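Q: Okay, predicted coordinates and the sequence, questions at the end:
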Amino acid sequence: MTTTTLAVLVPLLPFLGSAAGLLLGRTAPGFVRPLAVLPTLAAAVLAVLVAFRQGGDEVIVAATQLTPTGSVPIYLSLYIDGFAALVAVLVGVVATCVQVYSTGYLRDDPRYPSYAALVSLFTSAMLLVVYSGDLMVLLVGWEIMGICSYFLVGHYWETPEARAASLKAFLVTKLGDVPFLIGLFALATDAGTFQITGVLGTVASGGLDHPTLIALLLLAGVAGKSAQFPLHTWLPDAMAGPTPVSALIHAATMVAAGIYFTARLLPVFAASAAAMTVLAVMAAITMVGSALAALAQDDIKRVLAYSTIGQLGYMAGALAVGDRGAAVFHLLSHAAFKALLFLAAGAVIHAAGTNSLTAMSRMSGLAKRVPDAYWTMTVALLALAAIPPFAGFFSKEAVLVAAEHTALGERDVAPAGAGWTVLVAGLLTALLTAAYALRLWLRTFRGRGAEAPDHGRQPIAMTSVLWVLAIPSLGFGLTAAYVDDWFDGHALTPTLTTAVLGTGLAAAGAAVTYAVWRTLAARTPAAVPVPHVAHPDAEAGQVEAEALRLPHPAEDPADPGRALLGPLHGPAADGFHLDAVYRAAFVRPVLAAASLVRFLDREVVDTYVRAAGDSAKGLGWLVRRAQTGNVQTYLSALLAGSVVLAIAAVALANAVAGA
């Protein structure tokens, strides 16, 4: 079988599995789990075969015209370079892990068939984005992911939080997709094609007439999809969905799409120094702001959500200094340990028997109760904090090295100012990341909250996936010296300067956090649980673990984040009030305009419509009153009318004669 045929099957198999799962979900529920896992697993295996055949240094290109458009044609095409081959393997592996994990996590969920089908469709759409060689076909996968995220984030639609989160995710990403679509059309107009090879050829020959405008329009879509400032606000709220969905979105699909798109079309962005500077500033604000917000969250999933935003900022920073190899390397590394973090958090939540127990201030005794989650999450947090030799250390160092080279003028792809911006923000974020990673570990596994009921060991489908993902979280970074061919031939090994600075700052952040936690723990008594009462609406085997005598998280005296942030804690916990700014700047004016339009429609337009109707009714009433049925009345009226007409005619004739 040819490599092209294998590549076509990679996104096709999950799509077929999704369609079959939806069709058989009600009539043959026994096939749902195999149809969820096996097509995705087969796609992952085929993606590995495609990667081996591609070899890292050979671009696979194949195309057939989809339809003539009269101007710029659209092609069904493949464009598989080293980046595409590796990212497809990543998507397949993580999606398979999520599907296997979900068979245990959602085994009693009545909507599991539709959930599994949507996850398969989500996977297929991302694989289409990865392999597509035509920007319009890529856009199809891009938008399918948006609608899948809407349904998956809102899976628990009975809760108002899930409904609001799904709507917010959809609208905020669409806010970026509108300029993104305009940018794609502008790019195709300048290049004369939607084909990626044609676009890159046009850029290389200097044929783009509006590089800055196109790059900025495209960056709006990237910011929405990959949760970059200022369109990142949807991602923390998306935690209302099932935890495996969070793992899929944060690790391998939706948020990775924007970074991957920018990496694939990096020459388009690099053609504009202004666009690269904007990207650098956006990445720097995203990194630092999200790390501060993560340090103030009490919900374990929101900490991980802000962590994802910050790590995506690292990737955007690498792209801003012109090194897509470092960006994609960190994308791959981050996918492994972030998927592991979310799935381990899901095991913690599942152990409590309820999807609502996610506050770290309410956790206690989890290290012994969920040992698999404890050990694997420890590995993932060490990778997140970029502690050597874990994967995150090598990939984060690749980003810092790229920023250092640009700042010192050793690379001229981007302005030196962009390099300094990314380098300083990256080092500061390294300190903050280690701080909130250790804070999460301490409060989750060494916390003194009121212990939730124990529901026994987790299903093997869940725990086995955790250990599978722990392997790349620990060892993937060690491949940095051997995968240069897959990353444009750029070296990804750390340098002494950034390694010492980055690791030293991470160690300092962790040390200060631990010291503060020890001090606060010595002063604060453990929480005391109140007698547990099962919630009357809970399903079999589930409990409500919310009735605990605890301080409000914002006032928890044992939280080291509160002590470290000081007066910044309140704003950071609320995402620096960016949602409030949006409400004041956009939502309220739109609602006011809608109220004005409604007033004009009801009080002005409807008034004229009603007046026209009343006038017709009044005229009809007069005519109706004249129809008496009396012949003498009709003759009298006719005679009177004739006399009036005669008088008028005589008067008119005299007037004409006198003139």
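A: In hand now; what should we look at?
Q: Contact partners for residue 105?
A: Contacts for residue 105 (Cβ atoms under 8 Å, 6 or more residues apart in numbering) come out as 242, 243, 244, 346, 350, 459, 462. Placement of C-beta: from N, CA and C, glycine included.
Q: Please look at the second one and residue 345 and confirm they touch.
A: Meaning residue 243. Yes: the pair formed by residue 243 and residue 345 meets the contact definition of Cβ atoms under 8 Å, at 6.2 Å.
Q: Please enumerate the shared neighbours of the two.
A: Residues touching both residue 243 and residue 345 by Cβ under 8 Å, 6+ apart: residue 301.
Q: mind giving me TSV with the contacts of residue 105 and columns for pLDDT, neighbour count and distance to residue 381?
A: As requested, these are arranged in TSV below (pLDDT from 0 to 100; neighbours: other Cβ atoms under 10 Å; distance: Cβ to Cβ, whole Å):
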residue	pLDDT	neighbour count	distance to residue 381
242	89	26	22
243	89	27	17
244	91	27	19
346	88	30	15
350	76	21	19
459	82	15	23
462	90	25	19
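Q: List just the nearest of those residues to residue 654.
A: Taking Cβ to Cβ as the measure, residue 654 lies nearest residue 242 of the contacts of residue 105, at 94.5 Å.
Q: How much space separates residue 190 from residue 464?
A: Shown here: residue 190 relative to residue 464, a distance of 50 Å by Cβ to Cβ, to the nearest Å.
Q: How about residue 636?
A: Distance of residue 636 to residue 464, computed by Cβ to Cβ: 104 Å.
Q: again, but for residue 239
A: Taken as Cβ to Cβ, the spacing of residue 239 relative to residue 464 amounts to 24 Å.
Q: One more: residue 366?
A: The separation that residue 366 has from residue 464, given Cβ to Cβ, amounts to 19 Å.
Q: Neighbour count for residue 239 and residue 464, which is higher?
A: Counting neighbours by other Cβ atoms under 10 Å for residue 239 and for residue 464 shows that residue 239 has the greater number, 26 against 16.
Q: Check the residue lying closest to that one once chain neighbours are set aside and give its pLDDT.
A: Sequence neighbours aside, residue 301 is the residue nearest to residue 239 in space, at 4.0 Å (criterion: Cβ to Cβ, 6 or more residues apart in numbering). According to the prediction, residue 301 has pLDDT 91.
Q: Show me the strands in the protein, by range?
A: Listed in chain order, the strands found in the chain under DSSP state E are 60-67, 74-80, 528-529, 548-549.
Q: Which elements pack onto the second one?
A: Think strand 74-80. The contact analysis (3 or more Cβ pairs under 8 Å, 6 or more residues apart in numbering; DSSP states H and E) places strand 74-80 against helix 3-24, strand 60-67, helix 112-131, helix 135-153.
Q: I'd like the ones you listed as JSON lines, with mean neighbour count appended.
A: Formatted as JSON lines, the entries for the helices and strands packed on strand 74-80 read as follows, by neighbours: other Cβ atoms under 10 Å:
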{"stretch": "helix 3-24", "mean neighbour count": "20"}
{"stretch": "strand 60-67", "mean neighbour count": "14"}
{"stretch": "helix 112-131", "mean neighbour count": "26"}
{"stretch": "helix 135-153", "mean neighbour count": "21"}
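Q: which stretch among the ones you listed comes nearest residue 290?
A: Residue 290 sits nearest to helix 135-153 of all these, at 19.0 Å, using Cβ to Cβ.
Q: neighbours around residue 587, how many?
A: 12.
Q: And it, what's its pLDDT?
A: pLDDT at residue 587 comes out at 86.
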